[in-house]
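> A predicted structure for the sequence below; I have some questions about it.
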Amino acid sequence: MTKFSEGVVGLSAAVLLAGAAAGCNRSEAATTRDKSSAAVPTAGAKVDTDDYSVELKPSGAYSKDKEGVIEVVIEAKGDKHINEQYPFKFTPKESDDVTFKGPTGKDGGSFDAKRAVLRVPFTPKKSGAVKVAGKVSLSVCSDKNCLMEKQELTRDVTVGD
């Protein structure tokens, strides 16, 4: 092995050791997702994992140019529970068909050990099928770790005149 090759090998080993020493600390480990929790990456009305489900659910009837509410329902599964200290948030995706007042957080929602509900006000700008979409930030925990994730959700709702 040449001196150059030995230097490259030594440098590579040093980089690997430094990365391992830097490793993840407890808070970083808490933010990672177990493979069993992996969700389908496509946006839909519901995401279902081994650890939780999250769904965008209609709430009541909707009328053009009148504010309505859609709910983001998060349910913890198994030994997981809702992380009451996490700043749950739904960040809506604006469109030509619907307006939002902005991101919706814990205010106006309901939370217990296994279930969280965020109430998202929106105003449809047209009648017929209207798409409501956005990203929800959520967290569920076990006694060992917490999962902090973001999921894209989208749902078509029917809007009357």
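The structure has been received and is ready for your questions.

> can you give me the helices in the protein?
Using DSSP state H, the helices of the chain run over 3-22, 26-31.

> where in the chain is the helix or strand with the lowest mean pLDDT?
Lowest on mean pLDDT, DSSP states H and E among the helices and strands of the chain sits helix 26-31, with a mean of 36.

> go ahead and flag the most central residue of this protein.
When Cα atoms, centre = their mean is applied to the chain, the residue found nearest the centroid is Lys150 (2.5 Å).

> so that residue touches Gly134, yeah?
No - counting by Cβ atoms under 8 Å, Lys150 stays clear of Gly134, with 10.3 Å between them. Where you see a C-beta, it was placed from the backbone N, CA and C, and this is true even at glycine.

> shaky segments in this protein?
By pLDDT under 70, the weakly predicted segments of the chain are 1-42.

> and if we set it to 50?
Confidence mapping of the chain against pLDDT under 50 gives the ranges 4-5, 7-41.

> domain parsing of the chain, as residue ranges.
1-31, 32-160 (automatic domain parsing).

> buried deepest among those domains, which one?
Greatest average neighbour count among the domains of the chain goes to domain 32-160 (a mean of 16), per mean count of other Cβ atoms under 10 Å.

> distance between it and the chain's centre?
From the chain centre to the centre of domain 32-160 is a distance of 8 Å (Cα atoms, centre = their mean, to the nearest Å).

> same check on stretch 153-161?
Going by Cα atoms, centre = their mean, where stretch 153-161 is centred and where its chain is centred differ by 21 Å.

> how about the CA coordinates for it, as PDB?
The C-alpha trace of stretch 153-161 is given here as PDB (Å, rounded to 0.1, in the frame of the first residue of the first chain):
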ATOM      1  CA  LEU A 153     -53.100  15.200   3.800                       C
ATOM      2  CA  THR A 154     -55.700  16.000   1.200                       C
ATOM      3  CA  ARG A 155     -59.400  15.400   1.000                       C
ATOM      4  CA  ASP A 156     -62.200  16.400  -1.400                       C
ATOM      5  CA  VAL A 157     -65.300  17.800   0.200                       C
ATOM      6  CA  THR A 158     -68.600  18.600  -1.400                       C
ATOM      7  CA  VAL A 159     -69.700  22.200  -1.200                       C
ATOM      8  CA  GLY A 160     -73.300  23.400  -1.700                       C
ATOM      9  CA  ASP A 161     -74.500  26.800  -3.000                       C
END
